[in-house]
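[1] build me a model:
(2 chains)
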Amino acid sequence: MGMDMSSRLRRFHQARWDEPIIYELSTEGERGLLVPEVEEEIEEAVGDGVSKIPECMRRKRPPNPPQLSQPEVLRHYLRLSQETLGADLNIDVGQGTCTMKYSPKVNEELARSAKVTELHPLQDEDTVQGILEIMYKMDLFLREISGLDQFSFQPGGGAQALFAIASIIRAYHQDRGETQRDEIITTIFSHPVNAAAAAVAGFKVITLYPDEDGYPDIQALKAAVSERTAGLMITNPEDTGIFNPRIAEFTWIVHEAGGLCSYDQANANGILGITRAKEAGFDLCFFNLHKTFSSPHGCGGPAVGALGVTRELARYLPRPTVEFDGRKYRLNYDMPHSIGKVRSFYGAVPVVLRAYAWVMSLGAEGLREVAEIAVLNNNYLLKKVREIPGASAPYARGRHRMEQVRYSFEELARETGVGTEDVQRRMFDFGVHYWTSHHPWVVPEPFTLEPTESYSRKELDEYVAILRHVAREAYTDPDKVRNAPYNSVVHKIDHAALDDPSRWAVTWRAYLKKVKGR
Amino acid sequence: MAHPYIPNSAPRVKAEMLREIGVSSVEELYADIPESLRFKGEMNLPEPLRSECELRRHVEGILAKNKTCQEYLNFLGAGCWQHYVPAVCDEINRRAEFLTAYGGEPYEDHGRFQALFEYASMMGELVDMDVVNVPTYDWAQAASTSLRMAARITGRKQLLLPRIMSPDRLSVIRNYCQPDLEVTLVDYHRDTGQLNLDDLREKLSSQTAAVYFENPSYLGFIESQGEEISALAHQHGALCVVGVDPISLGVLAPPSAYGADIVCGELQPLGIHMQYGGGLSGFIATRDEERFVAEYPSRLFGLAPTVVEGEYGFGDVLFERTSFALRERGKEFVGTATALWGITAGVYLALLGPDGMQELGKGIMQRSQYAMKRLSQIKGLRVPAFGSAHFKEFVVDFNASGKTVAEANRALLERGIFGGKDLSAEFPQLGQCALYCVTEVHTKADIDRLADALQDCLR
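    Below you'll find the predicted structure:
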């Protein structure tokens, strides 16, 4: 049955190239790429081209990128890639809330086909029927998965989807003449952008905190709603992995007060095919196609926050939407009530394509299997992590969780003085990620694990073994943990300069001026 | 049958794990979801294609219906442009380590931080500014955020934007700046496209937070009054915000040279495929002053020392600004956007170097001037429609040709050519005009083919 990974630790060491900053590798006169020369006839016809630029608009000093040959550029960046821990290389259960699942390679190849990459967004519709078909059908899939009625792929990530949602809520109330509705209600365990995007859209934000059981406080919600309520923007299950069984009461309360309800389904990995936005009474939702739907995270994008709404709200969607008349797919700009655009063109289309291929590889039953195994893995991990000294899983005692858990090392910190950020750095010595949580830390010394469906039991055992080892080490050799990492790419970082205007350096030229005095 | 993407779907493992948890079925794990919320139907999705072979055949079959800019000769631009993408750019952005990384710390993801720091460093050199953000979604978002930053810095609410900027981009800005800020459009000179400074003077006031314009402009001409515009803005205590296509900066002056306080723009030309508009990525750059840095919503990666002498570490500069730290009290919001394209743009700039950027800019100027010259010889066309210098794009006026742009484009399409963007819906005041784009990918033969085809279909 293979190797038992529940106690074995790898003798891991990450690549450490000690790689210079690219400017330090520059040598005058080297070239990484030649550009095509202009034909003589063109030169004869128009001259050097640049003397047409008005004097005041000509570049006086040449720009100053570094000068490197092509193989040096390649080697430099390959070294940097080796110094980056992609999900493809590790047991990536440590980046909770991020749904670090497997991104199938075949989908990557399809997304990188010239039939996708070499399309201009303004081509005649007859020449892009294939990609429009994919977008339209993905919309149909998400309607099934959510129960809502139409989707837009324009938002370039969850944050932009939340902003689009706040914009739609604003437009809806404006159309009804209810401009006094200027409050959005959210919860502290919903992603911070629910609050932040609502504020940018002009709303006052009311944040609900959990009750003793870890659920958003329903009494607080009742007290918060009024004729000023524009909407509720909430996650369920929240970052704690606890499913709020009274969610339909929440949406009912807000609807009764005249508000709309938005479901942050950035991460829907534990409930695909199990429960939907529609049944819980939501008017809007979004899915992150780079999370639940397997498109790779790309160091932080490109991404899509697929935004879904009920029929009543469809007219507010960003334009254009993709429509099908039974014969031809087309882009529909005729949407006078649309909030306009949130992004140029139609969104990160290759991300939609990967998500389409992923759904096609699973079908309805497969999607449900994804959810069930993600939840199975999570509860398996929960049982194992609870057995680790100093670790706990606050709230919902004795209950099961959905796709992730927000754990606490409060006891570990109290007993050893080693906090969750120390544990985090030590985990890197074993080649895995470990994320604490967004601020504020309502759960003390938090960490958030989300195993998705993509890791085997052996791999989950291995992750737990690493975590257990680090926790034990906190008791036996706390300084070892505090001064970590040792086997990661770099050693413990001094962050003080990053908040000091006289020392921070966001570019190499700033660093040379401020730190090196050049 | 176990699904290849789902290791623990193997029946025996699944059973053992359930036993370990102490439940008899997965269903028990869902006990918290009440019956009334359960989805009882069957999702109406197609039968899955579980083998990779079938899946690939299916998707490729659909994609085969597309006609690409490799198969057709393309002259479309207008916010997404066909440039040559060096092989090394794709080699780097498809590396599994970068492609599948996400939000790790500057230890195990040191390479991601360094690559994005270097991207910012090279962009900083190109725009001649000291601070550049981790990329946002696209130029439209970069402009929107730049304008909100300007409003916070000045404590004012009025924004002045050019009347003939991209309506697509303007639509994003309008929605993003509601309800706090007020957008006012400034007129242009009909013959040159240049911003009407009299109108600007009239509209500038002590309420103006920012004057925004673009170089090259949406319609391709170079706005050459940069210094006058920024001086006027500054006289009124407003900031000057300039949007720029960075691929022009080998030959065009960086906006900071003519007084820009905040520079933003689009990274897609720098080594990123068009991807049906999915390759967009926006940047913002400023001087290294605390009042600017403190207003960025984006992440800013900075160099930091480690406990080992001489070792480079990285981290977030002034993280407390962000919505990650402060929720609704942070600066706007930050989240997943387009980091991979930032890394790619860095690779591109490193490959091109100073000479490459200058030669590329020059070649684009020459080719687009040649195209303007050739097209202007066609009876019925007026090219360029605006009497200014242009970079990469220019407006072709079809009003005297007896044909609409739509008709001309249909005829071109039949000849395997994607003609320029029809501007008649966006700018009715221009009548029948089209925006053409010529880059380094076009040869003399390509341009001649376009000219011959246009001549032919306008006959």
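[2] what are the contacting residues of the helix or strand hosting residue B:59?
    For residue B:59, the element it lies in under DSSP states H and E is helix B:52-63. The set of residues external to helix B:52-63 that reach it, using CB atoms under 8 Å, 6 or more residues apart in numbering or on different chains, is A:104, A:106, A:109-110, A:113, A:115-116, A:130-131, A:133-134, A:353, A:356-357, A:360-361, B:49. Where C-beta positions appear, they are placed from N, C-alpha and C, glycine not excepted.
[3] redo that, cut-off 6 Å
    A:106, A:110, A:115, A:130, A:133, A:357, A:361, B:49 (CB atoms under 6 Å, 6 or more residues apart in numbering or on different chains).
[4] give me the buried positions along it.
    Going by neighbour count (16 or more other CB atoms under 10 Å in any protein chain shown), the buried part of helix B:52-63 is B:52, B:55, B:56, B:58, B:59, B:62, B:63.
[5] give me the mean pLDDT for that helix.
    If you average the pLDDT over helix B:52-63, you get 98.
[6] now do stretch B:285-303
    On average, stretch B:285-303 scores 97.
[7] low-confidence regions, the chain specifically.
    Looking at chain A here, since you left the chain open. A:1-2 (pLDDT under 70).
[8] looks to me like residue B:331 is in a strand.
    No - per DSSP: H, G, I helix; E, B strand; the rest coil, residue B:331 lies outside any strand segment and is coil.
[9] that one: neighbouring residues, count only.
    Residues near residue B:331, counting by other CB atoms under 10 Å in any protein chain shown, number 23.
[10] just confirm it contacts residue B:299, I think it does.
    No - using CB atoms under 6 Å, residue B:331 is not in contact with residue B:299; the gap is 11.3 Å.
[11] is the longest strand along chain B in proximity to chain A?
    In chain B, ranked by residue count with DSSP state E as the criterion, the top strand is strand B:208-215. No - remark: strand B:208-215 sits outside contact range of chain A, by CB under 6 Å from any CB of the partner chain, the gap being at least 7.5 Å.
[12] just checking, next helix/strand downstream of that strand?
    Past strand B:208-215, the next helix or strand by DSSP H and E is helix B:226-235.
[13] now that following helix against strand B:208-215, angle please.
    With axes from the mean of the first three to the mean of the last three CA atoms, to 10 degrees applied, the angle from helix B:226-235 to strand B:208-215 works out at 170 degrees.
[14] what's the average pLDDT for helix B:226-235?
    98.
[15] shaky segments in the stretch 151-300 of chain B?
    In the stretch 151-300 of chain B, no residues with pLDDT under 70.
[16] what parts of it come near chain A?
    So far as CB under 6 Å from any CB goes, the stretch 151-300 of chain B lies against chain A at B:168, B:171-172, B:175, B:179, B:222, B:224, B:249, B:251-253, B:273-278, B:280, B:288, B:290, B:300.
[17] how about the stretch 201-350 of chain A: which residue is closest to chain B?
    residue A:345 (2.9 Å; CB to the nearest CB).
[18] what sits against that residue?
    Residue A:345 neighbours (CB under 6 Å, 6+ apart): A:121, B:277.
[19] hmm, 10 Å instead?
    With contact taken as CB atoms under 10 Å, 6 or more residues apart in numbering or on different chains, residue A:345 is in contact with A:120-122, A:154, A:320, A:331, B:78-80, B:138, B:140, B:168, B:274-280.
[20] over to residue A:94?
    Contacts of residue A:94 by CB under 10 Å, 6+ apart are A:85, A:100, A:424, A:427-428, A:432-435, A:447-451, A:463, A:466-467, B:104, B:108.
[21] ok, and the closest non-adjacent residue to it?
    residue A:433 (3.6 Å; CB to CB, 6 or more residues apart in numbering or on different chains).
[22] does that neighbour touch residue A:297 like I think?
    No - in this structure, residue A:433 is not within contact of residue A:297 by CB atoms under 10 Å, at 11.7 Å.
[23] shared neighbours of those two, which are they?
    Listed as contacting both residue A:433 and residue A:297 by CB under 10 Å, 6+ apart are A:87, A:92, A:95, A:98, A:100, B:101, B:102, B:103.
[24] do stretch B:90-104 and chain A meet at all?
    Yes - applying CB under 10 Å from any CB of the partner chain, one finds stretch B:90-104 touching chain A at B:90-104.
[25] in that stretch, what counts as buried?
    Using 16+ other CB under 10 Å as the burial criterion, the residues of stretch B:90-104 that qualify are B:90, B:92-93, B:95-104.
[26] restricted to helices, list the residues you listed.
    Among the buried residues of stretch B:90-104, the members falling in helices are B:90, B:92, B:93, B:96, B:97, B:98, B:99 (criterion: DSSP state H).
[27] is it possible to export those residues to CSV including pLDDT and distance to residue B:218?
    Putting these into CSV (pLDDT from 0 to 100; distance: CB to CB, whole Å) gives the following:
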residue, pLDDT, distance to residue B:218
B:90, 98, 29
B:92, 98, 31
B:93, 98, 28
B:96, 98, 38
B:97, 98, 37
B:98, 98, 32
B:99, 98, 33
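[28] out of those, who's nearest residue B:72?
    Lowest distance from residue B:72 to these (CB to CB) belongs to residue B:90, with 21.6 Å.
[29] so what's that closest one up against?
    Here residue B:90 is in contact with A:112, A:117, B:271, B:272, B:273, B:344, B:347 (CB under 10 Å, 6+ apart).
[30] what about the fifth one, which SS state?
    This points to residue B:273. Applying three-state DSSP: residue B:273 is coil.
[31] check contacts around it.
    Contacts of residue B:273 (CB under 10 Å, 6+ apart): A:112, A:114, A:116-119, A:350, B:69, B:80, B:82-83, B:85, B:89-90, B:93, B:279, B:341, B:344.
[32] so what's it closest to, chain neighbours aside?
    Nearest one to residue B:273, counting by CB to CB, 6+ apart, is residue A:117 at 3.7 Å.
[33] that neighbour against residue B:277, yeah?
    No - using CB under 10 Å, residue A:117 is not in contact with residue B:277, being 11.5 Å away.
[34] quick one: common contacting residues for those two?
    Shared contacts of residue A:117 and residue B:277, counting by CB under 10 Å, 6+ apart, come down to residue A:349.
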